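Asks: no sequence for this one, just the structure:
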């Protein structure tokens, strides 16, 4: 796991160094996201692609697909470098880390709201606006679904976690009962 992070960081650093400005970063990010999505849609097996036994024809087909979806040379270059070094399995993790970098660069903070069912988009927008006003910065609100919390929400912001879930309340009560016994 530590090696994976080091490898991801190495390629992320190279990608960041090639970025000219925030607008360029956002273009590259959109292309990387589209590329990862397209490769998944075509059921590309990155481990097989990185294997020495991978046929040249298969690699050529991938090259053509990448060039079709990456009009921006930075995104295509990253993929081709990963492919040349048999590291395409790291494409998605590099893309996710680059997304975090772009959000930090544009001063966007991420808050995750965990709920027992998917939130309506209107509720997400209202919460996003409230958090933006509260923190004085742009907020990207992510809704994760976890049926085990039963009801309520768990709010995660950086290392802060506020648990207002029904399951969390039950756990707190259980702890108090155990302390009394």
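Replies: Arrived safely. The model shown is predicted, which means the values in this text are computed figures rather than measured ones.
Asks: now the helices for the protein?
Replies: 2-17, 22-41, 46-50, 56-69, 73-84, 91-105, 121-135, 166-180 (DSSP state H).
Asks: got any ranges where the chain has weak pLDDT?
Replies: 1, 71-72 (pLDDT under 70).
Asks: residue 49 is in contact with residue 62, correct?
Replies: Yes - between residue 62 and residue 49 there is a contact under CB atoms under 8 Å: 6.5 Å. (C-beta placed from N, C-alpha, C; glycine too.)
Asks: tabulate the helices of the chain (a markdown table), appending distance to residue 112 and mean neighbour count.
Replies: As requested, these are arranged in a markdown table below (distance: least, CB to CB, whole Å; neighbours: other CB atoms under 10 Å):
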| stretch | distance to residue 112 | mean neighbour count |
| --- | --- | --- |
| helix 2-17 | 21 | 14 |
| helix 22-41 | 19 | 16 |
| helix 46-50 | 27 | 15 |
| helix 56-69 | 29 | 13 |
| helix 73-84 | 27 | 18 |
| helix 91-105 | 13 | 17 |
| helix 121-135 | 11 | 13 |
| helix 166-180 | 15 | 11 |
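Asks: ok, which of those helices comes nearest residue 142?
Replies: Among these, the nearest to residue 142 by CB to CB is helix 121-135 (8.9 Å).
Asks: got the helices of the chain as TSV, with distance to residue 147 columns?
Replies: Formatted as TSV, those follow (distance: least, CB to CB, whole Å):
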stretch	distance to residue 147
helix 2-17	30
helix 22-41	25
helix 46-50	31
helix 56-69	35
helix 73-84	37
helix 91-105	25
helix 121-135	18
helix 166-180	10
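Asks: fine by me, we can end here.
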